[in-house]
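Peer 1: structure of the sequence below:
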Amino acid sequence: MSRSQRQPATEARILLPDVEARRGAASPEDPAMLAMTDFWLVPMRTTSPHTSIEDALQSMKVSGVRFLFVVDAGGVPVGSVTSFDIQGERPLRHMMSIGCTESTCAWRDVLVRDVMDPVDDWRVVDIEDLALWRLGDLPAAMRAPDRGYLVVVERWDQGTAEGTAMRVRGLVSPTTVRQLIGDEAWNTACFPVAYSRDSRGH
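Peer 2: Below is the predicted model of the structure:
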């Protein structure tokens with residue numbers, strides 16, 4: 001049965017992913033909804049584009065997350081930033097691009113806006129589509145499986161002349177998916193040819 005023909009699984013309720021209880025015990029055929037963090041149940045963690053990356057990273061550590069939505073003064077999402085973005089090469093590349101030297105600026109001077117992914121670069125999935133997916137579908141849907149996130153959106157009625165609009169409903173983390181299905185299933189889903197050859201000793 002094709003992905004578009006699948007019916008929503010009866011177990012695909014929108015719940016917080018109980019990763020610890022199901023670590024490695026979920027099947028790739030289980031509903032993908034199991035991996036979604038639902039912002040109806042937990043607050044969306046956000047930061048400003050004008051926040052320093054040092055403060056943003058500290059906020060992640062305090063909140064126990066690796067991903068922050070970047071919102072403007074009106075609360076509208078303009079992008080996102082991850083701990084990988086902050087601790088990777090992006091700050092250095094930005095500093096080099098503006099001619100920074102050790103005497104003129106430092107890592108802590110870089111702002112979130114300088115390293116974030118804009119909204120247009122998000123990997124987005126409609127919650128109605130996610131309801132048809134299984135956990136095993138998620139790795140291939142992530143642009144960069146080891147650090148890619150899926151932003152889950154839903155349609156809602158604004159009650160105005162504009163009609164319906166899209167809003168962020170949840171988030172799927174690659175770490176959550178990997179912990180749910182286990183390393184072997186994750187590697188097979190991400191790198192089917194290479195992993196198959198390795199498993200045969202070729």
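
Peer 1: C-alpha from now on. contacts and neighbour counts both.
Peer 2: Noted.

Peer 1: show me where pLDDT drops low in the chain?
Peer 2: Residues of the chain that meet the criterion pLDDT under 70 lie in 1-24, 143-147, 157-164, 191-202.

Peer 1: next SSE after the longest helix seen in it?
Peer 2: Criterion DSSP state H: the longest helix present in the chain is helix 53-63. As assigned by DSSP states H and E, the chain's next helix or strand after helix 53-63 is strand 67-71.

Peer 1: just checking: what are the partner strands of that next one?
Peer 2: Looking at strand 67-71 with DSSP bridges, its partner strands are strand 46-47 (parallel), strand 77-82 (antiparallel).

Peer 1: thinking again about what came up before, for the longest helix of the chain, packing partners?
Peer 2: The helices and strands touching helix 53-63, judged by 3 or more CA pairs under 8 Å, 6 or more residues apart in numbering; DSSP states H and E, are helix 83-87.

Peer 1: what comes up buried for the longest helix of the chain?
Peer 2: Neighbour counts using 16 or more other CA atoms under 10 Å place 53, 54, 56, 57, 59, 60 of helix 53-63 among the buried residues.

Peer 1: redo the residues you listed as TSV? Include distance to residue 106.
Peer 2: Formatted as TSV, these follow (distance: CA to CA, whole Å):
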residue	distance to residue 106
53	11
54	11
56	16
57	15
59	19
60	20
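
Peer 1: could you dump the strands paired with strand 67-71 into CSV and include distance to residue 140 and mean neighbour count?
Peer 2: CSV is the format used below for the strands paired with strand 67-71 (distance: least, CA to CA, whole Å; neighbours: other CA atoms under 10 Å):
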stretch, distance to residue 140, mean neighbour count
strand 46-47, 27, 22
strand 77-82, 20, 22
